[in-house]
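Q: Predicted coordinates and the sequence they were generated for:
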Amino acid sequence: MDSEKQYLDDEPTQEGLIDLSSVPIEFCTDEFIGDLYLKQYKDKEKWLREQRVRNELHREELVKAVQAGILKDSNPETIWQRSIGMANKRKKVLIEFKHEIEIKKDSIIAEVAKRLGKYLPDWSPKFAKILFTMEQSYTCWCKNNDAYINLLVFVDVDDPIEKLIQYFVHEMTHLWMQEPYFSQEAVYPSGKDRLIYSLVNEGFALLNGGKASIKELQEQLGRNYKEYTEESFAFINDRLTKNNPEEFEKMMQKESTCLDKIYLVGVKIVETVLEYDGVEKFRALITQARKDPSLIIKRYQEICEINKDLPKIYF
């Protein structure tokens, strides 16, 4: 297969010049962090009443916790003291991490810009804003022209600054992809076109963010990567060929179980195009794909004619 690729691995490339100096960056306050961790403990009597109910529902688990030395006893007051103590510790850790980001902000931004330049053309964001916040439901996300970096993602992980940079690059890639829609240079896709856009958008953000490979992530979940890839392509092809607008909208929701299939198929498509075409041709094509994401899918289909072993995509 390698002999049929259109580039060499040592192909010289020119990195894009990424200027993030004008992007506003906002941080949630220390008080906001404290409130998120401690608000459930403000009414102690209410908390104790609810804990007595939880004790009845989870009696066996509590007995095991006491026997294992995790709890001194199962008295609600004991559990209260342990719970609020742990909440205060986690609050302290997170506030210290936020302060570390604030101190290292310039070096973090510089590294994010460098990584974005690997595949992006020259870019100075027109609309972007970065907000470091906390959210229990999501990891990191984009809304309109804002990228939200959820500090909770980086608690209890190895090398949290590196993980932060990866998520930062991922979300900035989304903002780059979406910029033509904010500037009204393109009409935001709907229905079938939205799924095609999401495959390219999510696939490119995963590739650019440099996270653990999709293969590794699927294997960590106990899935057979080859089988799950085939299942995911079949699922996406079925939706694309049926072209049901209502189902597309459901698939795009945050709680949808379809998203991991979109991620897997999307990154497979984008990685394959990059692998065959090389950085410079890929950069030119992905720039065009901001307004017409089907260009990436069509190029992947052409590559499938070269490499018959690749999973096919139909639309």
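A: Thanks, I have the structure now.
Q: For residue 26, grab the count of nearby residues.
A: Residues near residue 26, counting by other CB atoms under 10 Å, number 10. Where you see a C-beta, it was placed from the backbone N, CA and C, and this is true even at glycine.
Q: Is it correct that it is in contact with residue 147?
A: No - assessed by CB atoms under 8 Å, residue 26 is found out of contact with residue 147, at 10.8 Å.
Q: Mind listing the shared neighbours of those two?
A: Applying CB atoms under 8 Å, 6 or more residues apart in numbering, one finds that residue 26 and residue 147 are jointly contacted by 129, 130, 131.
Q: List the buried residues for the host helix or strand of residue 161?
A: Using DSSP states H and E, residue 161 maps to helix 160-182. Of all the residues in helix 160-182, those buried under the rule 16 or more other CB atoms under 10 Å are 160, 164-179, 181-182.
Q: Please name every helix or strand in contact with that helix.
A: Helix 160-182 sits against helix 76-103, helix 105-116, strand 141-143, strand 146-150, helix 191-209, with contacts defined as 3 or more CB pairs under 8 Å, 6 or more residues apart in numbering; DSSP states H and E.
Q: got the angle between the first one and strand 146-150?
A: Orientation of helix 76-103 against strand 146-150 (axes from the mean of the first three to the mean of the last three CA atoms, to 10 degrees) gives an angle of 130 degrees.
Q: again with the second one
A: For the pair helix 105-116 and strand 146-150, the angle between their directions (the same axes, to 10 degrees) equals 110 degrees.
Q: list the helices and strands helix 105-116 packs on?
A: Applying 3+ CB pairs under 8 Å, 6+ apart, we find helix 105-116 packed against helix 160-182.
Q: can you check the third one too?
A: Here strand 141-143 is seen to pack against strand 146-150, helix 160-182 when contacts are counted using 3+ CB pairs under 8 Å, 6+ apart.
Q: how about these in TSV, adding distance to residue 103?
A: Supplementary listing: the helices and strands packed on strand 141-143 in TSV, determined by distance: least, CB to CB, whole Å:
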stretch	distance to residue 103
strand 146-150	16
helix 160-182	11
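Q: This completes my enquiry, with thanks.
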